[in-house]
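Student: Here is my input, please return the structure:
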Amino acid sequence: MKRISGYFENAKTTPFDERKMGIETESLLIYKRSDQPISFQTSQGIFSCLICDFGWEMRETKNGKVVKIEKGGFELFYELGWNNFELVTPVFHVCDDEIYSKNELLLAEINSAAQKFGAYVSNMSWDKDESNTLIIPDKRDEIWLDLDGNVLFGLGHIACIHFNIDLVSIDEGMDFISRLLPLYCDYAWPAEANKRIWQNYLRGSKAQYQDGRYGPPPTSFAEYCNKIASYRIVMNVIDGELKIADPQVEFSQCENLNLDMFLRSVWWWMRLRVRNGKLVLELREVSRTLPIKESFNIIRTELNI
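Tutor: Residues are numbered from 1 along each chain as shown. This is a model prediction of the structure:
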């Protein structure tokens, strides 16, 4: 427990007037005529169109395939499935409203590129499909598939919005969590389809995850850390390589643990993170159905930031 609490306590906090944030927008790409997820070939065509026609720049390829492009500090890449694109903003001051219009403009460009292939950017949380659309660009993703099995496919068909907000303190982060849980309930975040697919994933994974690794987090810091420490290690960096923990071990029994990676496998709706040494609250599972600015204004009003 002390390892976890110390991990967060040693992170750099942010003065209130310097608070910054970032947004991750996941979007499902769907064919207009069939209402089916786009093919991998179409997804690559959309990337190429954005580069050739809209001025995006190549940032990363894997095995000869485009997996990340960038424009004006915004990055676009696959979110697990080739039918799900994630658009990530540059870090910006929490009061900078211009970022939302830029984000919407780039989403419109992606939609325009998709239209050339008979597809569109959906604002749905689920595309009503659970087939295999996984794109495995690196070793880490291959290992996750080995760890979980085919139940991982479902996660490639859900989308949401994540907000990452700098924190003044751990106490502020826990206060934010306490205030946001009722709000999530009021607005039905996460979407029911997302919750169902995540629950199926936890139940069906070969990793046999313990209950509670997805869902609402504890609202006190001590309970938050204790709960994390109760989960088993499913994957770790061993001798410089990412490997499945076989057999799985209790947190207290693993001395050389990559803590950042371990915390990624605790998928609470709101979770403390350390990004570039800074303490951040990641607000996950916000529905795609509302405009992004409207969703954040709801959150911003509740938190008074």
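Student: ranges for the strands of the protein?
Tutor: 20-31, 57-62, 65-71, 74-79, 81-88, 92-93, 119-122, 161-166, 214-215, 232-238, 241-250, 267-268, 270-275, 278-286 (DSSP state E).
Student: Ranking those by mean neighbour count, which comes first?
Tutor: Highest mean neighbour count among the strands of the chain (mean count of other C-beta atoms under 10 Å): strand 81-88, with a mean of 24. (Each C-beta comes from the backbone N, C-alpha and C, glycine too.)
Student: Now do that strand against strand 20-31, angle only.
Tutor: 150 degrees (axes from the mean of the first three to the mean of the last three C-alpha atoms, to 10 degrees).
Student: can you give me the mean pLDDT across strand 81-88?
Tutor: Here strand 81-88 scores 97 as its mean pLDDT.
Student: from the middle of its chain, how far away would that strand be?
Tutor: Remark: strand 81-88 is offset 10 Å from the chain centroid, using C-alpha atoms, centre = their mean, to the nearest Å.
Student: for it, packing partners?
Tutor: If contacts are counted by 3 or more C-beta pairs under 8 Å, 6 or more residues apart in numbering; DSSP states H and E, strand 81-88 sits against strand 20-31, helix 40-54, strand 74-79, helix 98-115.
Student: Might you report the residue contacts of residue 84?
Tutor: Contacts for residue 84 (C-beta atoms under 8 Å, 6 or more residues apart in numbering) come out as 26-29, 78, 133, 156-159.
Student: ok, so of those, who is nearest residue 190?
Tutor: residue 158 (8.6 Å; C-beta to C-beta).
Student: residue contacts, that closest one?
Tutor: 28, 84, 125-126, 191, 193-194, 197-198.
Student: With residue 164 as the reference, measure out to the closest residue to it other than its chain neighbours.
Tutor: In space, and not counting its chain neighbours, residue 158 is closest to residue 194: 4.8 Å by C-beta to C-beta, 6 or more residues apart in numbering. Separation of residue 194 from residue 164 (C-beta to C-beta, to the nearest Å): 19 Å.
Student: Kindly report the same for residue 6.
Tutor: In terms of C-beta to C-beta, residue 6 sits 22 Å off from residue 164.
Student: Could you check how far residue 4 is from residue 190?
Tutor: Counting by C-beta to C-beta, the gap from residue 4 to residue 190 is 24 Å.
Student: just for the stretch 101-250 of the chain, where's the confidence low?
Tutor: 137-140 (pLDDT under 70).
Student: Please enumerate the helices of it.
Tutor: Taking DSSP state H, counting those that start in this stretch as the test, the helices found in the stretch 101-250 of the chain are 139-148, 170-186, 192-204, 221-229.
Student: what comes up buried for the first one?
Tutor: This points to helix 139-148. Across helix 139-148, burial judged by 16 or more other C-beta atoms under 10 Å covers 141, 143-144, 147-148.
Student: how near is the residue lying closest to residue 77 once chain neighbours are set aside to residue 231?
Tutor: Distances taken as C-beta to C-beta, 6+ apart place residue 68 nearest to residue 77, at 4.1 Å, with adjacent residues excluded. According to C-beta to C-beta, residue 68 and residue 231 sit 30 Å apart.
Student: Likewise for residue 119?
Tutor: 39 Å.
Student: ditto for residue 260
Tutor: 15 Å.
Student: In terms of neighbours, single out the busier of these two.
Tutor: residue 231 (18 against 11; other C-beta atoms under 10 Å).
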